[in-house]
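Visitor: Fold the following, please.
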Amino acid sequence: MSKTAATPLAMTLDDCLRSAQQQLIQAGLVDSPRLDAELLLAHSLKVSRTYLYTWSDKSLEPEQHRTFESLLRRRVQGQPIAHIVGEREFWGLTLRVTQDTLIPRPDTETLVEAALSRRPKSEENATNKTHQAWSILDLGTGSGAIALALKSECPSCDITAVDFSERALEVAIDNAQRHNLKISFLHSDWFSAIDSTRKFDCIVSNPPYIEAEDPHLIQGDVRFEPMSALTSGKNGLDDIQKIIDQAWSFLIPGGWLLIEHGYNQAQAVANLFKTHHYINVVNIKDLADNPRVTLGQKR
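Guide: Predicted structure coming up:
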């Protein structure tokens, strides 16, 4: 047999995607195998996902195929897509993520939407130089996802974002610079480094809220995320209780506190709000129709 006949045909983009999808399914990664394959292939080729469809019959060069297979092996081993490609889209913004931050998830956009719905009408046309900017505090900013989403929708807002992790703050600062969004970042354990005289119109947080013994902590992407950003005591409410208690002193009268929490914690979180004298306490459901955000207003 000639060398030409013995040489296998190069795989097309479509061939690679179908093969990768099957490998991911066989590895038990059944939530979004096709999307995972597309994201990995697009990243390895430095092209858009649209390109993969437009040029589906284009063949990969051997080096391109090796690069893709290397990324695919990492995913088959369970590593999150966001860590493999180094970024994740949130609220239309492409954000850098690392193992020092939580991976931004679509459910958290529920928190952004809820905060924006409390935006004062005066903020929508804030052109007057004497206008007092809507002030927001983002607690536990991580990659900066929530703060950046809010700033992108409300450029005139005054946003402060804090995190206990200096490495996470470095990622958030980089993301803000990438999108040219001005946010004040501060190294702080919740409110510890916030000037006690400061008052905010709105405080938002996606804090740790998973129970310490939750079996999901050894499954899926969360295995690769920082435990300090995931767990919060036996019932998952330690940090939420602390935030609800301390936020009151940092809110203006009529200011809002909004907190993301677990699907099964809505009633417990609402009770904490009411115990600390917040009014207009409401639970808001996420994309999967699970209670995901609870908010309350200072009297």
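Visitor: Return the distance of the residue nearest the centre of the chain relative to Gln26.
Guide: With the centre of the chain defined as its mean C-alpha position, the nearest residue by Cα atoms, centre = their mean is Pro104, 1.5 Å away. Computed as Cβ to Cβ, to the nearest Å, the Pro104 to Gln26 distance reads 28 Å. Heads up, the C-betas are built off the backbone N, CA and C, glycines and all.
Visitor: ok now do the residue nearest to the centre of the chain, which residues does it touch?
Guide: Under the criterion of Cβ atoms under 8 Å, 6 or more residues apart in numbering, the neighbours of Pro104 are Arg88, Phe90, Leu95, Val97, Gly142, Ser143, Ala145.
Visitor: What about the residues you listed, which are in strands?
Guide: Arg88, Phe90, Leu95 (DSSP state E).
Visitor: Rebuild these as CSV, extending it with neighbour count and distance to Thr294.
Guide: Supplementary listing: the ones in strands among the contacts of Pro104 in CSV, determined by neighbours: other Cβ atoms under 10 Å; distance: Cβ to Cβ, whole Å:
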residue, neighbour count, distance to Thr294
Arg88, 22, 25
Phe90, 23, 21
Leu95, 27, 25
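Visitor: so Pro33 touches Leu24, yeah?
Guide: Yes. The pair Pro33 / Leu24 is scored as a contact, 3.9 Å apart, by Cβ atoms under 8 Å.
Visitor: Any buried residues in the helix or strand where Phe68 lies, and which?
Guide: Assessed by DSSP states H and E, Phe68 sits inside helix 62-76. The neighbour-count criterion (16 or more other Cβ atoms under 10 Å) identifies Gln64, His65, Thr67, Phe68, Glu69, Leu71, Leu72, Arg75, Val76 as the buried residues of helix 62-76.
Visitor: for the nearest residue to the fourth one once chain neighbours are set aside, helix, strand, or coil?
Guide: Of all residues not flanking Phe68 in the chain, Ser44 sits nearest, at 4.3 Å (Cβ to Cβ, 6 or more residues apart in numbering). Classification of Ser44 using DSSP: H, G, I helix; E, B strand; the rest coil returns helix.
Visitor: For the closest residue to Glu225 other than its chain neighbours, which residues are in contact?
Guide: The shortest distance from Glu225 to any non-neighbouring residue, by Cβ to Cβ, 6+ apart, is to Leu102 (5.7 Å). If a contact means Cβ under 8 Å, 6+ apart, then Leu102 has Gly142, Ser143, Asn206, Glu225, Pro226, Ala229, Leu230 as its contacts.
Visitor: number of nearby residues for the third one?
Guide: Yep, that's Asn206 we're talking about. The burial count assigned to Asn206 is 26, neighbours taken as other Cβ atoms under 10 Å.
Visitor: What residues does it make contact with?
Guide: Taking Cβ under 8 Å, 6+ apart as the definition of contact, the neighbours of Asn206 are Leu102, Thr108, Leu111, Gly140, Gly142, Ile146, Ile259, Glu260.
Visitor: Inside helices: which ones of these?
Guide: Per DSSP state H, helices hold the following members of the contacts of Asn206: Leu111, Ile146.
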